[in-house]
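1. Kindly return the folded structure for what I paste below:
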Amino acid sequence: MTARLAIEAGSVQGWHRYVGSCGGVVGMTRYGASAPYQALMKNFGFTADNVVSRAKALLT
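-> Below is the predicted model of the structure:
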């Protein structure tokens with residue numbers, strides 16, 4: 001098993017090919033959100049806490 005986590009500030013489309021079935025992707029999952037970038041980054045999971053949590057989950 002190889003744990004891989006992709007972090008993409010755009011669409012997650014296509015990343016599953018690289019991370020495999022045991023990996024994960026943090027990215028934008030819908031189109032058209034409008035807000036200050038800080039709110040969007042938090043809403044889509046681009047926080048240090050979320051990324052660390054997702055990475056740890058892949059390792060267990």
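
2. so I7 sits right up against F46, yeah?
-> Yes - assessed by Cβ atoms under 8 Å, I7 is found in contact with F46 at 7.3 Å. Every residue, glycine included, has its C-beta placed from N, CA and C.

3. Nearest the geometric middle of this structure, what residue?
-> The central residue of the chain, meaning the one whose C-alpha is nearest the mean C-alpha position (Cα atoms, centre = their mean), is V26 at 0.3 Å.

4. Wait, a helix at it?
-> No - counting by DSSP: H, G, I helix; E, B strand; the rest coil, V26 falls outside a helix, being strand.

5. got a list of what it touches?
-> With Cβ atoms under 8 Å, 6 or more residues apart in numbering as the criterion, the residues that contact V26 are 5-8, 44-46, 50-51, 54.

6. just checking, which of those belong to helices?
-> Taking DSSP state H as the definition of helices, the contacts of V26 contribute 50-51, 54.

7. Out of these, the closest to L40 would be?
-> Each of the ones in helices among the contacts of V26 was scored against L40 by Cβ to Cβ, and N50 proved nearest at 13.4 Å.

8. Can you name the residues that contact the closest one?
-> V26.

9. Check E8 too.
-> Taking Cβ under 8 Å, 6+ apart as the definition of contact, the neighbours of E8 are 15, 25-28.

10. what's the distance between G20 and L58?
-> With distances defined as Cβ to Cβ, to the nearest Å, the gap from G20 to L58 amounts to 11 Å.

11. Between those two, tell me which one has more neighbours.
-> It is L58, of G20 and L58, that has more neighbours when counted by other Cβ atoms under 10 Å, with 16 against 12.

12. neighbours of R30, just the number please.
-> What R30 shows, counting by other Cβ under 10 Å, is a neighbour count of 7.
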